[in-house]
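>>> Attaching a predicted model along with its sequence, questions to come.
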Amino acid sequence: MNRLKDKVAVVTGGARGIGKCICELFVDEGARVVAIDIMALNYEKENVEGYAADLCSPGEVDKFVDYVLKKYGKIDILINNAGITRDALIEKMSDEMWDAVINVNLKAVFNLTRRVYPSMRENKSGSIVNISSVVGEYGNIGQSNYAASKAGIIGLTKSWAKEFSRKGDAIRVNAVAPGYANTEMMATVPETVLESIREKTMLKRLAEPSEIAYAVLFLASGESSYVTGHVLSVNGGLRL
Ligand SMILES: NC(=O)c1ccc[n+]([C@@H]2O[C@H](COP(=O)([O-])OP(=O)(O)OC[C@H]3O[C@@H](n4cnc5c(N)ncnc54)[C@H](O)[C@@H]3O)[C@@H](O)[C@H]2O)c1
């Protein structure tokens, strides 16, 4: 299919998991994709380029955006997908755990988006999809830092949807809030917890990364041209 023909997409956290799946799906849909990740990036497909950098370093992010704009001339789509967890009950949550999660999941999204937005404004069009979480919608025990960051993503999404379209530009900003998906991020979650999540999920299973990626594709593509400021829950019917 060619839903993203001639589009240039930036995907954060594209080395593995949901981000990698988004990169490969976007390429199949005709996009040229640049993926940024702190880990090494390897892809079997053409038209996806890996760029190794830390999203928490404003200097590295500046260089990255300059590089993409120089090489590809524009950024049509931005997927803010990179994210981390550092779980603990509040008595055991250190400043380091709080700061690490807020810095990657929230501050780095603000920092990259404010660098990418001017090029979208120049073209008067663009689509930004931020990855939130079911935990940002409902909260979760032992994840107050992560829940705050992912609820913050919803606030950013709704604010930017208003701000970026206020002069009539076709710049849309939406969020996807995944439930639990089978990725390396889940590797630290004990099987008993996973079992209780499956039980609470209407569809009685975790998501495959591709099931999240298809929702992101919809919001990134012209098929959702009248959707903005929306949070699309993709969680199999899970209510935490
Ligand atoms: N897996 C789930 O069940 C689930 C559920 C809800 C939401 N999410 C969200 O979906 C997104 C993707 O999750 P995933 O499961 O694929 O995670 P993952 O851990 O498999 O991948 C995240 C990627 O982000 C990268 N990253 C982390 N910090 C970075 C930094 N400072 N600079 C650059 N890259 C960095 C990592 O290297 C990694 O490749 C995250 O935002 C996550 O919070 C995941």
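Happy to help now that I have it.
>>> can you give me the strands in this protein?
8-12, 32-37, 48-52, 77-80, 125-131, 170-178, 231-234 (DSSP state E).
>>> now the helices: where do they sit in this protein?
Applying DSSP state H to the chain gives helices spanning 17-28, 58-72, 95-102, 108-123, 134-138, 144-165, 191-200, 209-220.
>>> among the strands of the chain, which is the most enclosed?
strand 77-80 (a mean of 27; mean count of other CB atoms under 10 Å). (Each C-beta comes from the backbone N, C-alpha and C, glycine too.)
>>> can you list the helices of the chain in a markdown table and add mean pLDDT and mean neighbour count?
Conversion of those to a markdown table gives the following (pLDDT from 0 to 100; neighbours: other CB atoms under 10 Å):
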| stretch | mean pLDDT | mean neighbour count |
| --- | --- | --- |
| helix 17-28 | 98 | 24 |
| helix 58-72 | 98 | 15 |
| helix 95-102 | 98 | 15 |
| helix 108-123 | 98 | 18 |
| helix 134-138 | 98 | 21 |
| helix 144-165 | 98 | 19 |
| helix 191-200 | 95 | 12 |
| helix 209-220 | 98 | 22 |
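>>> quick one: which of these is nearest residue 11?
Closest approach to residue 11 among those (CB to CB): helix 17-28, 5.2 Å.
>>> for the closest one, packing partners?
strand 8-12, strand 32-37, strand 48-52, strand 77-80, helix 209-220 (3 or more CB pairs under 8 Å, 6 or more residues apart in numbering; DSSP states H and E).
>>> At the geometric centre of this protein, which residue sits there?
Nearest to the centroid of the C-alpha atoms of the chain, with distances taken as CA atoms, centre = their mean, sits residue 81, at 2.2 Å.
>>> That one against residue 23, yeah?
No - assessed by CB atoms under 8 Å, residue 81 is found out of contact with residue 23, at 9.4 Å.
>>> Between these two, which contacts overlap?
Contact criterion CB atoms under 8 Å, 6 or more residues apart in numbering; residues shared by residue 81 and residue 23: 11, 14.
>>> any chance of the strands of the chain in a markdown table, plus distance to residue 220 and mean pLDDT?
Below are these laid out as a markdown table (distance: least, CB to CB, whole Å; pLDDT from 0 to 100):
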| stretch | distance to residue 220 | mean pLDDT |
| --- | --- | --- |
| strand 8-12 | 7 | 98 |
| strand 32-37 | 11 | 98 |
| strand 48-52 | 15 | 97 |
| strand 77-80 | 5 | 99 |
| strand 125-131 | 5 | 99 |
| strand 170-178 | 9 | 99 |
| strand 231-234 | 12 | 98 |
